[in-house]
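Novice: I'll drop the sequence and a predicted model, then ask my questions.
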Amino acid sequence: MPQIHTVTLNPAIDRILYLDRFQPDVTNRLRSCVDGIGGKGTHVSINLQLLGLANQALGIVHGENGNRIIQLLKNCDVTVKFQHYPVQNSRMNYLLIEDNGSCTCLSSKGVPLSETDITSFIDFLRRELHDGDYLVLSGDASNCPDAFVYNTIMEACQDKHPKIFLDTSGDTLKKCIEAKPFLIKPNKDELAELCGRTLSTEKDLICAMEEVSQAGIPNIAVSLGGKGSVVRTEEGVYRVYPAKVNVCNTIGCGDCFLSGLIYGFYHNLPIVQSLKLATAISGSCAESSISVGFDPERVEKLYGQIQIETQKALQTTYTKNTKLQT
């Protein structure tokens, strides 16, 4: 069986601050706070481990915060293979969680990485990868000197034929399309930016997904936030309607959704079953007061409440002379 590797190049300690309601220009009294782990790749690793799917978390960390990040992952039984540098300190983010479910993230830039750091990491990653392994590239990499570092990683590892799950946005996503990852997970706005036009209706959305698929992307999962998702695979297009949940915070929901999809593909589950699992995990995460993880018992209850409409993938409705905005 293939191994699963997640990559987090700019991990963090997430300090989660709970308060009744944030008000600017006055003193805000915190009710409580807790430290957790930040970075999309680390979240995927922890979620997969909760699902019983072993994986390796790879990345770069610095200083004492880096040691804490490594320990937090080990506490979740994740196999950790981070490159640790004793100088400087991995970043700390601050998450403001209000009683109404509003979430505000104050994100630090992180320790700038050098070209030597990236070269060393890619060499290390190549030694860890075996032919056909799963490779998850997700989250912030703005601390890298190469704005298209994910593309550089994919090109460097292409001879290993990894199955790449990509969760990024903006110019990085546009560039990464060239490497034909196995799955991308943009939201509606990110897909619109990728295609260079407004997507007003679900038909517009599906046409845009078909357009992207023509660039060699077999799986596209478009998040619609609390309204669910639209997912295109080689089997067809699926409109996913989530169960109603009591939202505590939305941070980490997308990482849970991606984790469920990875689990489904890894175990060759029917796509509808995978989508229900991924959506239920995401819903459970939304009800949690922390930024990573989910309640397995709640997932079971939400699973049966999720509705999915299916249709055949559209083949001719997109405009053939429209080009992706690369």
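Specialist: Perfect, I can see it now. Numbering: from 1, shown residues only.
Novice: got phi/psi on Asn219?
Specialist: Phi and psi for Asn219, reported as degrees, to the nearest 10, are phi -130, psi 130.
Novice: that one bridge partners, please.
Specialist: Under the criterion DSSP bridges, Asn219 forms beta bridges with Leu183.
Novice: contacts only, for it.
Specialist: When contacts are counted by CB atoms under 8 Å, 6 or more residues apart in numbering, Asn219 touches Phe182, Leu183, Ile184, Val231, Arg232, Thr233, Glu234, Leu261. Glycine gets a C-beta too; all of them are placed from N, C-alpha and C.
Novice: and Ser142, by the same measure?
Specialist: Taking CB under 8 Å, 6+ apart, we find Ser142 in contact with Asn10, Lys109, Gly110.
Novice: surely the first one is in a helix?
Specialist: No: under the criterion used here (DSSP: H, G, I helix; E, B strand; the rest coil), Asn10 is coil, not part of a helix.
Novice: that one: what's it in contact with?
Specialist: For Asn10, the set of contacting residues under the criterion of CB under 8 Å, 6+ apart consists of Gly39, Arg91, Gly110, Gly139, Asp140, Ala141, Ser142, Asn143, Cys144.
Novice: using the three-state scheme, assign the nearest residue to Ala243 once chain neighbours are set aside.
Specialist: On the basis of CB to CB, 6 or more residues apart in numbering, the spatially nearest residue to Ala243 that is not a chain neighbour turns out to be Gln305, at 3.5 Å. Of the three states, Gln305 takes coil under three-state DSSP.
Novice: neighbours of Gln305, how many?
Specialist: The number of residues packed around Gln305, counting by other CB atoms under 10 Å, is 15.
Novice: surely it touches Tyr241?
Specialist: No: using CB atoms under 8 Å as the test, Gln305 is too far from Tyr241 to be in contact (9.3 Å).
Novice: helix or strand: which one has Ala57?
Specialist: Secondary structure assigned from DSSP states H and E places Ala57 in strand 56-62.
Novice: now whichever helix or strand comes after that strand and strand 56-62, what's the angle there?
Specialist: The helix or strand immediately downstream of strand 56-62 is helix 63-75, counting by DSSP H and E. Between the axis of helix 63-75 and that of strand 56-62 there is an angle of 160 degrees, by axes from the mean of the first three to the mean of the last three CA atoms, to 10 degrees.
Novice: what are the contacting residues of the next helix or strand after helix 63-75?
Specialist: Secondary structure here is assigned by DSSP H and E; on that basis, the next helix or strand after helix 63-75 toward the C-terminus is strand 79-85. The contact list for strand 79-85, computed with CB under 8 Å, 6+ apart, reads 11, 54-63, 66-67, 69-70, 73-74, 111, 117, 120-121, 124, 128.
Novice: now, of these, which are buried?
Specialist: For the contacts of strand 79-85, a burial check counting by 16 or more other CB atoms under 10 Å picks out 11, 55-62, 66-67, 69-70, 73, 111, 117, 121.
Novice: any idea where the helices of this protein begin and end?
Specialist: Along the chain, the segments classed as helices by DSSP state H run 40-50, 63-75, 115-128, 149-156, 170-176, 188-195, 202-213, 253-266, 271-286, 296-303.
Novice: so which of those gets nearest Gln311?
Specialist: Evaluated with CB to CB, the helices of the chain place helix 202-213 nearest to Gln311, the distance being 8.3 Å.
Novice: what sits against the most centrally placed residue in the chain?
Specialist: For the chain, the residue whose C-alpha lies nearest the mean C-alpha position (CA atoms, centre = their mean) is Asp255; its distance is 4.1 Å. Applying CB under 8 Å, 6+ apart, we find Asp255 in contact with Lys40, His43, Val44, Asn47, Ser138, Asp167, Cys285, Val292.
Novice: mind redoing it with 10 Å?
Specialist: For Asp255, the contacting residues are 6, 39-47, 136, 138-139, 167, 185, 281-282, 285, 291-293, by CB atoms under 10 Å, 6 or more residues apart in numbering.
Novice: isn't Met1 up against Gly132?
Specialist: Yes: with contacts defined as CB atoms under 10 Å, Met1 counts as touching Gly132 at a distance of 9.4 Å.
Novice: overlap in contacts of the two?
Specialist: When contacts are counted by CB under 10 Å, 6+ apart, Met1 and Gly132 are jointly contacted by no residue.
Novice: same drill for the two, tell me which one is more crowded.
Specialist: Shown here are Met1 and Gly132; by other CB under 10 Å, Gly132 has more neighbours (12 against 9).
Novice: ok, the more buried one - contacts?
Specialist: Gly132 is in contact with Met1, Pro2, Gln3, Lys160, His161, Pro162, Lys163, counting by CB under 10 Å, 6+ apart.
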